[in-house]
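Chemist: Make a model of this:
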Amino acid sequence: MNYFLVKSEPFKYSWQQFLKDKQTFWDGVRNYQARNNLKAMKKGDLVLFYHSNEGKEVVGIAKVVKEAYQDPTTSDERWVVVDLAPLQTLKKPVTLETIKADEQLQDIALVRQGRLSVMPLAPEEFDRIVALGS
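Modeler: Alright, predicted model coming up:
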């Protein structure tokens, strides 16, 4: 199993809307590195959902329910989406400030490449963030 983190601005697509929708395709990725991370996702992989800009916090856990396919919002074949479904809301959001202050999380992409919208996580990084949100 692989682990990832995806970012969304809450005013564009919030965790609360995701819970209501029960499933969504993750679209709008127009960065090659983020696109490659989408392509690496496999059915069953776990994904942390991060509110960017407003809040700046991990708020929930989702899972990949369908692997990469052509982004239906564009005819450009370079871009893909995956389908995600929410699994669980964290008991307490894990802020970017908390993540940056944690010794075990100093090297994650969220800290090193703040503008990347889809990023892989090591299993221990994923587990640490989930533990911080428990």
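Chemist: Show me what the longest strand along the chain is packed against.
Modeler: Secondary structure of the chain per DSSP state E: the longest strand is strand 80-95. For strand 80-95, the elements it packs on are helix 15-21, strand 24-25, helix 32-40, strand 46-51, strand 57-70, helix 123-132, judged by 3 or more CB pairs under 8 Å, 6 or more residues apart in numbering; DSSP states H and E. Placement of C-beta: from N, CA and C, glycine included.
Chemist: Return the backbone torsion pair for residue 5.
Modeler: phi -130, psi 130 (degrees, to the nearest 10).
Chemist: Could you check how far it is from residue 64?
Modeler: Using CB to CB, to the nearest Å, residue 5 is found at 13 Å from residue 64.
Chemist: most neighbours per residue, which of the helices and strands packed on strand 80-95?
Modeler: strand 46-51 (a mean of 23; mean count of other CB atoms under 10 Å).
Chemist: so where is the protein shaky, pLDDT-wise?
Modeler: By pLDDT under 70, the chain has no low-scoring segment.
Chemist: what do residue 5 and residue 64 both touch?
Modeler: residue 47 (CB atoms under 8 Å, 6 or more residues apart in numbering).
Chemist: SS state for the spatially most distant residue from the centre of the chain?
Modeler: Relative to the centre of the chain, the most outlying C-alpha is that of residue 75, 24.0 Å out, by CA atoms, centre = their mean. Classification of residue 75 by DSSP: H, G, I helix; E, B strand; the rest coil places it in coil.
Chemist: check contacts around it.
Modeler: Contacts for residue 75 (CB under 8 Å, 6+ apart) come out as none.
Chemist: Would you quantify the distance from it to residue 82?
Modeler: From residue 75 to residue 82 the distance is 19 Å (CB to CB).
Chemist: for residue 22, same thing?
Modeler: Noted for residue 22: a distance of 15 Å to residue 82, by CB to CB.
Chemist: which residues does residue 121 form a beta bridge with?
Modeler: Listed by DSSP bridges, the beta-bridge partners for residue 121 are residue 3.
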